[in-house]
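**Q** Mind folding the following:
(2 chains)
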Amino acid sequence: SAVISQKPSRDICQRGTSLTIQCQVDSQVTMMFWYRQQPGQSLTLIATANQGSEATYESGFVIDKFPISRPNLTFSTLTVSNMSPEDSSIYLCSVETRGTEAFFGQGTRLTVV
Amino acid sequence: GQNIDQPTEMTATEGAIVQINCTYQTSGFNGLFWYQQHAGEAPTFLSYNVLDGLEEKGRFSSFLSRSKGYSYLLLKELQMKDSASYLCAARDNYGQNFVFGPGTRLSVLP
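**A** Numbers count the residues shown, from 1 in each chain, chains lettered A, B, ... in the order given. Model prediction:
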């Protein structure tokens, strides 16, 4: 298994500002993912964080809005830039181990006012 | 395209059995997963099927039919703590991405 520490757990931010979310894993993992979960909905993949190269973004998500860093095999950050109320959501980082199940961080509950 | 369907909400009684169905269409297939998510918490892994048939794990069982693109999660001897959302997720052929269904919100009543 993998233990994931994600912070902050929640934040209230002013529109137009940016928030960086951190994800720390207790072991080296190849694949790290960032998801968004809007209220009452399921998880939507934002991007795959690749170590040593640019993140791979899903349709509808762009690097300028959600820049991602992956400096090593245990750490990643997601920044939500130039926030608007529509960005209010839960953001989750996830890792996979042994090629099977995914493990999730505790999530960051973001409210943009 | 990729699409996963499951019922939005279900209600069952404590002590009963409930079956949550999931149908999927993905670009290739490399496993079907079920996750449990309590309100305000992160999803936690429940089960994994990659071959046809039934996988049993205590009160929880999961079934897969690859030819039908169909899975179900069976919960026995329901407890109040089983009230949660249950997410069906399929893994694509590249084995990298999970596609999550909309989730089924299960309410267990006394």
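**Q** and the helix or strand hosting B:L73, average pLDDT?
**A** Secondary-structure assignment from DSSP states H and E places B:L73 in strand B:70-75. The predicted model assigns strand B:70-75 a mean pLDDT of 97.
**Q** so A:P8 touches A:I21, yeah?
**A** Yes: applying Cβ atoms under 8 Å, one finds A:P8 in contact with A:I21, separated by 7.2 Å. No exception for glycine: its C-beta is placed from N, CA and C like everyone else's.
**Q** intersection of neighbour lists for these two?
**A** In terms of Cβ atoms under 8 Å, 6 or more residues apart in numbering or on different chains, A:P8 and A:I21 are both contacted by the residues A:T108.
**Q** Where does pLDDT dip in chain A?
**A** Within chain A, the stretches with pLDDT under 70 are A:97-100.
**Q** just the strands in chain A please.
**A** For chain A, the strands defined by DSSP state E occupy A:4-7, A:10-13, A:19-25, A:32-37, A:43-49, A:56-57, A:68-72, A:75-80, A:89-96, A:102-104, A:108-112.
**Q** what's the offset of the last one from the middle of its chain?
**A** What that stands for is strand A:108-112. Averaged C-alpha coordinates place strand A:108-112 at 12 Å from its chain's average position (Cα atoms, centre = their mean, to the nearest Å).
**Q** for it, packing partners?
**A** On a contact count with 3 or more Cβ pairs under 8 Å, 6 or more residues apart in numbering or on different chains; DSSP states H and E, strand A:108-112 meets strand A:10-13, strand A:89-96.
**Q** How about the residues of chain B by chain A?
**A** On the criterion Cβ under 8 Å from any Cβ of the partner chain, chain A has as its neighbours in chain B the residues B:31, B:33, B:40-45, B:48, B:87, B:89, B:95-103.
**Q** end-to-end on stretch B:59-79?
**A** With Cα to Cα, to the nearest Å as the measure, stretch B:59-79 spans 10 Å from end to end.
**Q** same deal with stretch B:45-54?
**A** Per Cα to Cα, stretch B:45-54 runs 17 Å from first to last residue.
**Q** Give me the below-cutoff pLDDT ranges for chain B.
**A** Low-confidence regions of chain B, defined by pLDDT under 70, span residues B:1, B:93-96.
**Q** Strands along that one, start to end?
**A** With DSSP E as the definition, chain B shows strands at residue ranges B:3-5, B:9-13, B:18-25, B:32-37, B:44-49, B:53-57, B:60-65, B:70-75, B:84-91, B:98-100, B:104-109.
**Q** Tell me, how many residues neighbour residue 66?
**A** With no chain named, the answer covers chain A. Number of residues near A:F66 (other Cβ atoms under 10 Å in any protein chain shown) recorded here: 19.
**Q** looking at chain B here, not the other one
**A** Close neighbours of B:R66, defined as other Cβ under 10 Å, add up to 14.
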